[in-house]
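1. Quick one, structure for this:
(one chain, ligands or ions: 1)
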Amino acid sequence: MLRLIKRCPEFVSGYKDYCQELYDNNVVYFRPSNPDTLDDEWFSRTKDWYEKKERGLIDGQPISFHYWAVDGEKFIGEFQLRTEFPEKVMLDIGSIGYAVRVSEQGKGYGTEIIRQGLVIAKEQGMEKVLLTINDKNLASIRVCEKMGGKLMDTIEAYNDAEGHHLLRRLPRRYWITL
Ligand SMILES: CC(C)(COP(=O)(O)OP(=O)(O)OC[C@H]1O[C@@H](n2cnc3c(N)ncnc32)[C@H](O)[C@@H]1OP(=O)(O)O)[C@@H](O)C(=O)NCCC(=O)NCCS
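-> Just a heads-up that it's a prediction; the model follows:
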């Protein structure tokens, strides 16, 4: 059974394997931590930074909550939630960032991450979340639409990983009824 948990030392090794898989497969739609930086001190070194991010204390970064998705002992993926709507969220990263390790894709985990993530969003007091999805990212578009995402518009976007692309902005209101 998939669970979203807060980052913890026990799953750092699984997190590293997950990051490595995304890197090895050149996944551009979601960039995790560089696996080469995930040494033994990584967790304690970054703990304070992630806690500050949750409290909005990092300059230029929206408030954001980071979860890991695990199934039993197996590391599956991650879920990030931004609870505010500054320009960076509206025009680039959206309210939600999520990914499933490549070897576990296509098994329903992505859908389950979003389902559980929306419950967290609601608990955070959000009334809607925005997903910004590359027009070519058919798996994520499918997950989002399956979960009730409604297409608002399509805009042009650019970032270093994805280059120039079209971005679908999907306001997702369905979870209000959860
Ligand atoms: C997007 C992502 C999280 C989906 O995870 P997943 O575990 O594969 O998702 P699920 O198995 O729950 O569902 C995937 C759905 O997409 C569909 N799908 C996959 N590839 C597809 C394609 N090329 N065209 C159309 N549909 C596709 C699957 O059939 C499935 O739909 P179904 O349940 O109706 O059969 C995963 O592909 C991923 O990590 N991608 C890289 C990072 C990323 O893109 N993150 C999102 C950024 S917005």
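
2. check which helix or strand covers whichever residue of the chain sits closest to the ligand.
-> Taking Cβ to the nearest ligand atom as the measure, the point where the chain comes nearest the ligand is Gly110, at 2.3 Å. From N, CA and C alone the C-beta is placed, and that goes for glycine too. Here Gly110 sits within helix 109-123, counting by DSSP states H and E.

3. which other residues reach that helix?
-> The contact list for helix 109-123 (Cβ atoms under 8 Å, 6 or more residues apart in numbering) reads 2-4, 65, 67, 69, 71, 76-77, 79, 81, 83, 95-96, 98, 100, 129, 139-140, 143-144, 146-147, 172, 175-176, 178.

4. buried set for it?
-> Tyr109, Gly110, Thr111, Glu112, Ile113, Ile114, Arg115, Gln116, Gly117, Leu118, Ala121 (16 or more other Cβ atoms under 10 Å).

5. Out of these, which two sit at the greatest distance?
-> Tyr109 and Ala121 (18.1 Å; Cβ to Cβ).

6. Can you pull the poorly scored residue ranges out of the chain?
-> 170-178 (pLDDT under 70).

7. Show me which residues of it sit near the ligand.
-> Proximity of the chain to the ligand (Cβ under 6 Å from any ligand atom) is limited to residues 27, 29-30, 98-100, 105-111, 133, 137-140, 142-143, 146.

8. run the last query once more with 8 Å
-> 22, 27, 29-30, 77, 94, 96-102, 104-113, 131-134, 137-144, 146 (Cβ under 8 Å from any ligand atom).

9. State the phi and psi torsions of the residue lying closest to Thr132 once chain neighbours are set aside.
-> Nearest non-adjacent residue to Thr132, counting by Cβ to Cβ, 6 or more residues apart in numbering: Gly94, 3.6 Å away. Backbone geometry at Gly94, expressed as degrees, to the nearest 10, gives phi 70, psi -180.

10. Begin at 49, not 1, for the rest of this chat.
-> All set: I'll call the first residue 49, so the last point we hit is now Gly142.

11. I figured Gly142 hits Leu178, correct?
-> Yes. Gly142 lies in contact with Leu178 (Cβ atoms under 8 Å); the separation is 4.9 Å.

12. joint contacts of these two?
-> Shared contacts of Gly142 and Leu178 (Cβ under 8 Å, 6+ apart): Arg217.

13. between those two, who's got more neighbours?
-> More crowded of Gly142 and Leu178, by other Cβ atoms under 10 Å: Gly142, with 22 against 19.
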